[in-house]
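**Q** Below is the sequence, then the predicted model.
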Amino acid sequence: MKQYKSGIFALSADPVTFGHIDMIKKALLQCENLIIFVANNGAKKYLFNLKERYYMVKKTIKQFDIRNVQVIYGPELLTDMFLKYDCDVVFRGVRDEKDYKFESEQIFAMNLILPGFADKVVYIQSSVELKHVSSTLVKSFVQCHLPVSEMVPLFISAKLEERINRQFKVSFTGEICSGKSYVANAVKQYIETHYNIEVNYINLDQIIRDLYVEDSPSAQKIRDWILEHFGADTLSTDRKSVNLEILKSRMFSMSDDLKREAQQITAPHVTRLYRDALSDKEGIIILEWAKLAEMGMSTWTNNNAVLVHSSEGDKMSKKRGLDEKFAAAARKFQWNKAQKQQSLEKSIAREGSGQLIVFENNFDNDEAIKTLSISVVNLFKSSGKAGGH
């Protein structure tokens with residue numbers, strides 16, 4: 001039998017974080033039923049209004065399948081909700097001494113309103129790995145275009161990006177010669193023409209190419225690593241640029257260890273340049289990359305993805321003049337449509353967020369591009385509804 005019958009846990013949840021979820025689970029270890037009271041603090045300014053925060057908490061509780069919980073919200077005092085719901089314990093979450101001092105002052109004030117209230121308070125310590133997670137930190141990360149999927153549910157990450165940066169992200173991915181770039185740019189053109197919505201197109205391959213020619217010590221270090229592992233002919237004579245055709249042909253035969261080393265040395269700089277590309281942009285962000293699913297990067301666009309497939313890939317390969325051996329090697333290096341789709345669908349199911357659109361590209365399909373563009377716009381418009389209700 002648990003120590004308490006009914007507890008109450010108040011939070012402003014702007015937004016709710018994994019730290020909050022951790023404390024809610026710990027509270028439920030001590031009481032049979034828990035009231036989560038989403039409330040305002042007069043000393044704070046909020047990004048989301050009270051009702052939006054309530055819906056986000058409700059959706060998060062459902063996503064984590066947390067039982068014996070009732071979520072409420074309102075302008076009432078915590079003491080009044082404690083009385084109304086006949087609670088016998090009040091849980092307060094603390095991450096450090098600063099939190100404890102603040103909570104103690106709040107409880108002292110509430111005890112003046114309801115004598116004996118302080119005796120009903122139980123403090124819950126945040127887990128070590130989550131003690132630095134706060135709603136303030138999450139919002140500052142989003143403002144800097146840093147990922148927050150380790151701190152909040154992915155659907156909240158999407159809401160924060162829409163609210164703070166005015167951005168809705170969707171990826172375009174697919175097999176080699178499926179026409180990803182063509183489809184992405186056709187969608188961009190249609191939306192901008194018919195909806196007057198700003199659409200920004202970011203190609204991750206182009207970001208990698210930009211890194212290879214960047215005039216910086218770090219980029220030069222990467223180029224020197226390429227020279228060491230792939231040969232002198234992969235670089236220009238001044239070592240300031242990379243011969244991409246030679247590099248690509250040799251990367252297909254890389255060992256797994258070398259692939260990991262290449263990723264470790266380049267990934268931080270690719271994400272750095274991606275953040276630069278996101279700066280000062282609003283509206284719909286289209287991120288194109290063939291290996292998005294293979295690299296487990298669908299969370300970069302909050303699991304919103306368009307998977308482009310074409311039964312005419314071989315024809316396109318010949319039309320582009322791609323060497324058959326190169327195209328065959330590239331296909332071995334990448335997943336096929338079914339593998340990409342399975343990975344993306346698993347990520348959506350696991351995170352409880354995002355949507356996958358599978359698009360068959362026939363390279364002469366204006367009506368299909370129109371339908372796809374409308375679907376992307378509808379996703380963009382629905383992203384502004386905090387909590388997804």
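**A** Received it, and whenever you're ready, just let me know what you need.
**Q** burial of residue 194, as a residue count?
**A** 12 (other Cβ atoms under 10 Å). Yep, even glycine has a C-beta here, placed from its N, CA and C like the rest.
**Q** mind checking which helix or strand it is in?
**A** With elements taken from DSSP states H and E, the one containing residue 194 is helix 180-195.
**Q** What are the contacting residues of that helix?
**A** Helix 180-195 has contacts (Cβ atoms under 8 Å, 6 or more residues apart in numbering) with 172-174, 197-199, 201, 203, 284, 286, 288, 290, 306, 308, 359, 361, 363, 369-370, 372-373, 376-377.
**Q** before we move on, what about stretch 265-283?
**A** Stretch 265-283 has contacts (Cβ under 8 Å, 6+ apart) with 144-146, 165-168, 197-200, 202, 204, 207-208, 210-211, 214, 218-219, 221-222, 225, 285, 300, 380.
**Q** now swap in stretch 95-108 and tell me
**A** 19, 92-94, 117-118, 121, 123, 125-126, 131-132, 134.
**Q** a markdown table for those, including distance to residue 230, neighbour count and secondary structure?
**A** Compiled in a markdown table, the contacts of stretch 95-108 are given as follows (distance: Cβ to Cβ, whole Å; neighbours: other Cβ atoms under 10 Å; DSSP: H, G, I helix; E, B strand; the rest coil):
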| residue | distance to residue 230 | neighbour count | secondary structure |
| --- | --- | --- | --- |
| 19 | 44 | 24 | helix |
| 92 | 58 | 22 | strand |
| 93 | 52 | 20 | strand |
| 94 | 53 | 18 | strand |
| 117 | 69 | 19 | helix |
| 118 | 68 | 14 | helix |
| 121 | 63 | 16 | strand |
| 123 | 57 | 15 | strand |
| 125 | 51 | 15 | strand |
| 126 | 47 | 20 | coil |
| 131 | 44 | 15 | coil |
| 132 | 40 | 12 | coil |
| 134 | 44 | 17 | coil |
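**Q** so is the closest residue in space to residue 302 that isn't next to it in sequence in a helix, a strand, or just coil?
**A** Nearest residue to residue 302 in three dimensions, chain neighbours excluded: residue 158, at 4.0 Å (Cβ to Cβ, 6 or more residues apart in numbering). Here residue 158 is helix, with the state taken from DSSP: H, G, I helix; E, B strand; the rest coil.
**Q** From what I see, residue 158 and residue 382 are in contact.
**A** No: using Cβ atoms under 8 Å, residue 158 and residue 382 do not qualify as a contacting pair, with a distance of 10.3 Å.
**Q** of the two, who's got more company?
**A** Neighbours per residue, other Cβ under 10 Å: of residue 158 and residue 382, the larger number sits with residue 158, 26 against 11.
**Q** mind listing what that one touches?
**A** So residue 158 contacts 168-169, 302, 304, 353, 383 (Cβ under 8 Å, 6+ apart).
**Q** try residue 230
**A** Counted by Cβ under 8 Å, 6+ apart, residue 230 has contacts 246-247, 250-251.
**Q** May I see these organised as CSV, with pLDDT and neighbour count added?
**A** Rendered in CSV, the data for the contacts of residue 230 read as follows (pLDDT from 0 to 100; neighbours: other Cβ atoms under 10 Å):
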residue, pLDDT, neighbour count
246, 90, 15
247, 91, 16
250, 85, 15
251, 81, 19
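**Q** Which members of the residues you listed are the farthest-apart pair?
**A** 246 and 251 (9.7 Å; Cβ to Cβ).
**Q** Check which residues of the host helix or strand of residue 344 are buried.
**A** Here residue 344 sits within helix 337-351, counting by DSSP H and E. Neighbour-count burial for helix 337-351, counted by 16 or more other Cβ atoms under 10 Å, picks out 337, 340-341, 343-345, 347-348, 351.
**Q** Remind me what it packs against, helices and strands.
**A** When contacts are defined as 3 or more Cβ pairs under 8 Å, 6 or more residues apart in numbering; DSSP states H and E, helix 337-351 sits against strand 167-174, strand 304-309, strand 355-360.
**Q** May I see these arranged in TSV, with distance to residue 29 as well?
**A** Listed next are those as TSV, based on distance: least, Cβ to Cβ, whole Å:
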stretch	distance to residue 29
strand 167-174	37
strand 304-309	36
strand 355-360	35
